[in-house]
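*Asks:* Give me a 3D structure for the following:
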Amino acid sequence: MTTVDGVPARLLEFQRTLKVRDGETVRDLLASFDGYTNADGPRVAAVTRGVPVREIAGWRVTADVYLPFGDPPFPTLLFLHGGAWVLGAPASHRRLAADLAALGLLTVVLDYRRAPRHRFPAAVEDTVHALGWVREHAAGLGGDPARVLVGGDSAGANLAAAALASGHGAGVAAALLCYGIYDVHRALPVLADLLGGAEADTQQYLEPADARRLTDDPRLHPERYCADFPPSLVLAGEDDPLFGESVALTDRLAAAAVPHRFVPVPGAPHGFLQLPTHPGHRRGLRAVAGFLREYVER
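*Replies:* Numbering: from 1, shown residues only. Just a heads-up that it's a prediction; the model follows:
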């Protein structure tokens, strides 16, 4: 297998373009590299999988909880996995969850409802509910309810930002927003291969009528409603086709005087926190650690 910086070349190409080749599907492509993206993670004190959060519309919303080594209570991160709202699961982000726990975060990875079976706003609603659930249950899990963070990667960062933008950030200490999507309509052309298309009738995240009607909504365009965000880390790779999303959010945070740190990672594609041999992986985790020291651990 051809590799670049230890990253399988086909996976790196996909993360730089978010485009599939003829005959490929995104689901099968990413599954074929699971052994790489989830290999050799750091040890954590314990992992509890499938913790019940709620049941709604025939979906059991659960969470996988990663407990750090050390003495509790730990700052507690509600983490929303990426996958364009249609793919991914806590299992697809095992290594990344362990990496975050190794930084001292009690990491709660939510198995939220996914489209197209459960279209918008189901995933946002699950995120909002889970924020309350984490506040209520953090102490029993080893976390500190006074230091709750919310974050995610890609579409998961969108869900984290959507919850904050729609007025559910009370008591959230900080946000970790990793190569996210902060204006869904603007990003649809980039996400077309993941979502089945870029038009209202072909994309699979929103109902077509909502895609046409909801052109200014905090849950879909959270960058426009970021004035009340907590201190936020905005992390993005400069070789990511969605890099402009993070630049646009950072401009809005600055205009609103929200404490934030923008870390553009040179040479890094989309999803670099799941490319454990890529130089951007280590740099990104160092950025998270530095942000936590500045805004959460003090």
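
*Asks:* Hmm, L96 is touching G271, no?
*Replies:* No - with contacts counted by Cβ atoms under 8 Å, L96 stays clear of G271, the gap being 9.5 Å. Yep, even glycine has a C-beta here, placed from its N, CA and C like the rest.

*Asks:* Overlap of the contact sets of the two?
*Replies:* Taking Cβ atoms under 8 Å, 6 or more residues apart in numbering as the contact rule, L96 and G271 both touch D153.

*Asks:* For L67, see how far away the spatially closest residue to R113 that is not a sequence neighbour is.
*Replies:* The shortest distance from R113 to any non-neighbouring residue, by Cβ to Cβ, 6 or more residues apart in numbering, is to A122 (4.1 Å). Between A122 and L67 the computed distance is 28 Å (Cβ to Cβ, to the nearest Å).

*Asks:* and if you look at D40?
*Replies:* As defined by Cβ to Cβ, D40 lies at a distance of 19 Å from L67.

*Asks:* between these two, which one's more packed in?
*Replies:* Higher neighbour count among D40 and L67: L67, with 19 against 9, using other Cβ atoms under 10 Å.

*Asks:* Can you name the residues bridging to that one?
*Replies:* A46 (DSSP bridges).

*Asks:* Test my guess that it contacts R43.
*Replies:* No - counting by Cβ under 8 Å, L67 sits too far from R43 to count as a contact (11.2 Å).

*Asks:* CA-only coordinates of the single longest helix found in the chain in CSV, if you can.
*Replies:* In the chain, taking DSSP state H as the definition, the longest helix is helix 122-141. What follows is helix 122-141, C-alpha atoms only, in CSV (Å, rounded to 0.1, in the frame of the first residue of the first chain):
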residue,chain,number,x,y,z
ALA,A,122,-32.9,15.3,14.9
ALA,A,123,-29.1,15.3,15.4
VAL,A,124,-29.2,18.9,16.8
GLU,A,125,-31.9,17.9,19.2
ASP,A,126,-29.9,14.9,20.4
THR,A,127,-26.9,17.2,20.9
VAL,A,128,-28.9,19.7,23.0
HIS,A,129,-30.5,16.9,25.1
ALA,A,130,-27.1,15.3,25.6
LEU,A,131,-25.6,18.6,26.9
GLY,A,132,-28.2,18.5,29.7
TRP,A,133,-27.6,14.8,30.2
VAL,A,134,-23.8,15.4,30.6
ARG,A,135,-24.3,18.2,33.1
GLU,A,136,-26.6,15.9,35.1
HIS,A,137,-24.5,12.8,35.0
ALA,A,138,-20.9,14.2,34.8
ALA,A,139,-20.2,13.7,38.5
GLY,A,140,-21.3,10.1,38.5
LEU,A,141,-19.0,9.4,35.5
